[in-house]
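1. Quick one, fold the following:
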Amino acid sequence: MKSVLVVVTRQIGDVLLTTPLIRAARRLWPQARIDVIGFAGTLGMLRGNPDVSTLREMPARPGVGGTVRLALALLRKYDVALVADPGDRAHIIGWLAARQRSGLLAAQDSSKWWKRPLLAHAVVIDGDLGARHVVPEKVELLAHWRAQGAEVGSLVPPPREPLPEALRQSLAPGYVVMHTPSMWPYKQWPLESFRQLASFLATAGKQVVLTGSMGAHDRACIAAMAGAAPAPLLLDAGALNFNQLAGLLQDAALYIGPDTSVSHLAAACGTPVLAIFGPTNPQRWAPWPAGVAPVQFVRRSASQTHGNVTLMQSTLPCVPCGRAGCEDHRQSPTECLPGIEPGRVAAQALELLSRGRAP
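-> Predicted structure coming up:
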């Protein structure tokens with residue numbers, strides 16, 4: 001193969017979760033050009049990735065004219081397309097771009113009838129309550145071209161860049177990075193719980209560094225933390241790109257956050273991670289530990305640790321339901337996350353901090 005296109009038309013965290021697939025493709029075809037196509041604003045986790053030749057961004061809603069231009073730009077330009085998204089648009093892009101295709105198919109997808117004949121190799125994915133993690137599932141897209149299965153390695157974080165000087169000088173040794181925002185309410189641990197957690201950590205003498213984008217929602221979540229701890233022990237990292245964020249995480253003593261892309265990035269950086277999960281099934285979506293294989297989270301546990309990732313869940317019997325909250329839509333509330341008490345999370349965090357970082 002001389003040219004490979006990886007299609008991942010999903011969110012930022014999903015893009016990062018394709019990096020073991022991209023690295024496995026690079027090892028299989030070391031001389032190939034490997035490009036990645038995804039939605040505009042979602043490919044930042046791949047900036048500087050040594051395995052990627054070109055990042056191709058496309059609008060989420062390209063319109064008729066944009067669709068035609070995209071089709072002409074891609075038409076049979078690649079030897080193979082690895083379709084790392086079961087959606088219709090991703091499969092159409094793969095079909096346009098490459099002579100051979102390997103793709104993910106959802107087990108209950110009503111459009112499998114036209115997708116499956118277009119693929120040289122199909123990987124039928126587990127549903128949200130399946131037992132197989134999405135990372136090895138994506139790597140399996142290469143099985144058609146290998147006599148043996150591809151090794152499932154670690155995620156590849158973006159290369160670090162220097163932090164803003166004012167932030168660098170404000171950091172105290174052993175600082176804890178805390179990411180409070182979630183994109184969707186059903187994944188949001190209550191902000192008041194985060195406030196109490198920050199207060200617990202500050203009382204123990206730990207500096208808490210808050211991260212988030214410059215978007216209105218993230219800024220509001222960070223603003224809600226004001227006064228949770230004295231100023232030297234509570235610090236807003238401000239606007240960082242993913243390369244700077246990787247550097248901040250790599251030097252942190254601990255990261256604490258919800259089911260979000262930054263939690264995946266922290267795990268990829270080798271940082272000790274404390275992830276707070278609600279209705280999401282960790283067997284499918286837990287942060288992928290760095291340098292640990294095989295990885296097998298259990299479906300439910302008050303606390304479980306694999307490698308540098310510790311994951312906490314509610315003890316409610318419905319956890320994890322695999323739904324988008326109790327009402328099963330993106331703006332849904334959830335009963336399980338408020339039940340995870342800040343004191344329990346603080347105790348777990350202090351225990352992890354007492355162990356220190358593994359070399």
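
2. now what about stretch 94-101, what contacts it?
-> 5, 7, 37, 71, 74-83, 91, 103, 118-120 (Cβ atoms under 8 Å, 6 or more residues apart in numbering). Heads up, the C-betas are built off the backbone N, CA and C, glycines and all.

3. now swap in stretch 325-344 and tell me
-> Counting by Cβ under 8 Å, 6+ apart, 184-190, 193-194, 196-197, 200, 258, 276, 278-279, 312-316, 318-319, 324 sit against stretch 325-344.

4. what sits against residue 274?
-> Residue 274 makes contact with 254-257, 310-312, 345, 348-349, 352, according to Cβ under 8 Å, 6+ apart.

5. Let me have these in a markdown table, extended by neighbour count.
-> Formatted as a markdown table, these follow (neighbours: other Cβ atoms under 10 Å):
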| residue | neighbour count |
| --- | --- |
| 254 | 25 |
| 255 | 29 |
| 256 | 30 |
| 257 | 25 |
| 310 | 21 |
| 311 | 22 |
| 312 | 20 |
| 345 | 22 |
| 348 | 18 |
| 349 | 26 |
| 352 | 21 |
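
6. So which of these sit within helices?
-> Judged by DSSP state H, the contacts of residue 274 include 345, 348-349, 352 as members of helices.

7. For PyMOL, write the selection for the buried entries among the contacts of stretch 94-101.
-> Paste this into PyMOL to select the buried members of those, with burial taken from 16 or more other Cβ atoms under 10 Å:
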select buried, resi 5+7+37+74+78+79+80+81+82+83+91+103+119
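
8. which residues in the stretch 51-200 of the chain form strands?
-> Assigned by DSSP state E, counting those that start in this stretch, the stretch 51-200 of the chain shows strands spanning 54-58, 78-83, 98-106, 121-125, 176-179.

9. and the third one, which strands flank it?
-> Here strand 98-106 has these sheet partners by DSSP bridges: strand 78-83 (parallel), strand 121-125 (parallel).

10. among those strands, which is nearest residue 25?
-> Smallest distance to residue 25 across these (Cβ to Cβ): 6.7 Å, for strand 78-83.

11. got a list of contacts for that closest one?
-> 1-7, 21, 25, 32, 35, 90-91, 93-95, 97-104, 119, 141-142, 145.

12. Please check those residues and keep the buried ones.
-> 1, 3-7, 21, 25, 32, 35, 90-91, 93-95, 97-98, 100-104, 119, 141-142, 145.

13. which regions of the protein sit below the pLDDT cut-off?
-> Per-residue confidence for the chain (pLDDT under 70) gives these ranges: 147-150, 358-359.

14. The residue nearest to the spatial centre of it and residue 1: what is the separation?
-> The centre of the chain sits closest to residue 13, judged by Cα atoms, centre = their mean, with a distance of 3.0 Å. Separation of residue 13 from residue 1 (Cβ to Cβ, to the nearest Å): 27 Å.

15. likewise residue 153?
-> Distance from residue 153 to residue 1, by Cβ to Cβ: 20 Å.

16. Would you mind giving the domain segments of the chain?
-> Segmentation of the chain into domains, based on automatic domain parsing, reads 3-145, 165-355.

17. Can you add distance to residue 159 and give those domains back as JSON lines?
-> As requested, those are exported to JSON lines (distance: least, Cβ to Cβ, whole Å):
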{"stretch": "domain 3-145", "distance to residue 159": "4"}
{"stretch": "domain 165-355", "distance to residue 159": "6"}
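
18. And the helices in the stretch 251-359 of the chain, which stretches?
-> Taking DSSP state H, counting those that start in this stretch as the criterion, the stretch 251-359 of the chain contains helices spanning 261-268, 282-285, 342-355.

19. looking at those helices, which is buried most?
-> Highest mean neighbour count among the helices of the stretch 251-359 of the chain (mean count of other Cβ atoms under 10 Å): helix 261-268, with a mean of 27.

20. Compare the helices of the stretch 251-359 of the chain and give me the one nearest residue 132.
-> Proximity to residue 132 (Cβ to Cβ) singles out helix 282-285 among these, at 7.3 Å.

21. contact partners of the closest one?
-> With contact meaning Cβ under 8 Å, 6+ apart, helix 282-285 is reached by 126, 128-134, 259, 296-299, 304, 311, 313, 320.

22. mind checking how far that helix is from the chain centre?
-> Counting by Cα atoms, centre = their mean, to the nearest Å, helix 282-285 is centred 11 Å from the centre of its parent chain.
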